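> need a 3D model of the sequence below.
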Amino acid sequence: EVQLVESGGGLVQPGGSLRLSCVASGFTFSNYAMSWVRQAPGKGVEWIAAIGASGSRSKSPDSVKGRFTISRDNAKNTIYLQMNSLKPDDTAVYYCAKDPLTYYSGSYTNWGQGTQVTVSS
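Sure, this is the predicted structure:
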């Protein structure tokens, strides 16, 4: 059974930083691309970062580029999201998601339960 468990969310002031983690199990982690997506209250799901199976390639939309960095440790079956210069608009539930391919396809086969990030003074 595929399991994705996120952690690291919380309350942070604007301009602050957080590092999210997602531990995966139940599949060969190093064979699949992974993504972080988020959903803000009353809004749709927004993709915010993806990383290929080997970890050598990543991509993210302009809305977070330069502020958020995705990484992975295949030895630990874990992906990370380093978030800097956080803004109130970054408030959302953050999910990690498993891609069906080794590279980012925009499709997801599994999601975690999410971790809440709240940016507020």
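> quick one, phi psi at Thr69?
phi -130, psi 130 (degrees, to the nearest 10).
> mind listing what it touches?
Shown in contact with Thr69 (C-beta atoms under 8 Å, 6 or more residues apart in numbering): 49, 58, 81-82, 84. In short, each C-beta sits where N, CA and C put it, glycine included.
> of the residues you listed, closest to Ser30?
Proximity of the contacts of Thr69 to Ser30 (C-beta to C-beta) peaks at Ser58, which lies at 15.2 Å.
> who does the closest one bridge with?
Ile51 (DSSP bridges).
> that one touches Val64, doesn't it?
No: using C-beta atoms under 8 Å, Ser58 is not in contact with Val64, being 11.7 Å away.
> more neighbours: which of those two?
Legend: neighbour count by other C-beta atoms under 10 Å for Ser58 and Val64, higher for Val64 (22 against 17).
> burial of the nearest residue to that one once chain neighbours are set aside, as a residue count?
Leaving aside its chain neighbours, Val64 sits nearest to Ile48 (5.1 Å; criterion: C-beta to C-beta, 6 or more residues apart in numbering). For Ile48, the neighbour count with other C-beta under 10 Å is 23.
> quick check: mean pLDDT across the helix or strand hosting Ile48?
Using DSSP states H and E, Ile48 sits within strand 45-51. Averaged over strand 45-51, pLDDT sits at 96.
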